[in-house]
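Student: Fold the following for me, if possible:
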Amino acid sequence: MKLTSIRRSFAIAALSAAFSTALIPSLASAGIFDDDEARKAILDLRSKVDAVNLRLDNKLDTKADKGTALDLANENEQLRAEIAKLRGQVEVLANDIANTQRRQQDFYVDLDNRLRKIEPKRLTVDGKEATVEPNEQRAYDNALSLFKAGDYKNSVASFNSFLVAYPQSAFAGSAQYWMGNSYYAQRDCKNTIVAMQQLVKVYPDHPKAPDALLNIAGCQTEMKDKNAAKKTLESLIAQYPESEAAHAAKNRMTSAK
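Tutor: Next up is the predicted model:
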């Protein structure tokens, strides 16, 4: 009865270690190996478990036949040592798997962040939905930053470069407008008029088109071309009657009389 109990405890201990060894690699295979490799690893581990069982049964039967309790005790210590070794290997393997999964997760997060930086974005630009490339957005923002910083000469060059690189951009109308304002800030009325006229011609529905006409009229007045200024103001009122620029144009025309 005592021998049967000892044998049962040996079997349970050995099987617990063997199945623990089998469980972790099978979990690891889900993230590291493909399906064929995982199945092969599981079959190999099962074979090892069967071999441990067979060896344990043979040794227990031999010792039982001899009836040597001391040998059974020694065998028990050897099995405990082997189980402890296997458990140590399982812990190392489990730690390696955790580290690998963590590295994989970090890799995918980094990859996702990189993709977001180069993927086009859907934005609302001047009241319209548009797809904007990251480099396109960056180029426009840089040019606008130069204007806001008062670096009008370089902002003209940057807006012009933007329009050459992205002629179909959703920001093209705004780039044209701010380029005109960069000229105006330098008191270059001639180029201001050219830039603003281009905006009205190519982007007549742009929110800044009425302001562009008002700026043109202002430059024409500064250039002492009152007739041209009057025609521009009349055109502004006719094309964009409800705009704030149109109300300003009416006030200017009234003051000029």
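
Student: Now do the helices in the stretch 101-250 of the chain.
Tutor: Assigned by DSSP state H, counting those that start in this stretch, the helices in the stretch 101-250 of the chain fall at 134-148, 152-165, 172-185, 189-202, 209-222, 226-239, 244-256.

Student: Pull up the gap between A229 and L93, please.
Tutor: Using C-beta to C-beta, to the nearest Å, A229 is found at 84 Å from L93. For the C-beta atoms, the positions are set from N, CA and C on the backbone; glycine is no exception.

Student: the more surrounded of the two?
Tutor: A229 (22 against 15; other C-beta atoms under 10 Å).

Student: The more buried one touches T221, doesn't it?
Tutor: Yes. Between A229 and T221 there is a contact under C-beta atoms under 8 Å: 4.5 Å.

Student: quick one: R252 and A217 touch, right?
Tutor: Yes. Between R252 and A217 there is a contact under C-beta under 8 Å: 7.2 Å.

Student: Can you check which residues contact both of those two?
Tutor: Here R252 and A217 share the contacting residues L233, scored by C-beta atoms under 8 Å, 6 or more residues apart in numbering.

Student: Between those two, point out the one with more neighbours.
Tutor: Neighbours were counted for R252 and for A217 using other C-beta under 10 Å; A217 has more, 28 against 17.

Student: which residues does the more buried one contact?
Tutor: Listed by C-beta under 8 Å, 6+ apart, the contact set of A217 reads 229, 232-233, 236, 249, 252.

Student: what about the residue lying closest to it once chain neighbours are set aside, neighbour count?
Tutor: Among residues not flanking A217 along the chain, T232 sits closest, at 4.1 Å (C-beta to C-beta, 6 or more residues apart in numbering). Neighbour count for T232, taken as other C-beta under 10 Å: 26.
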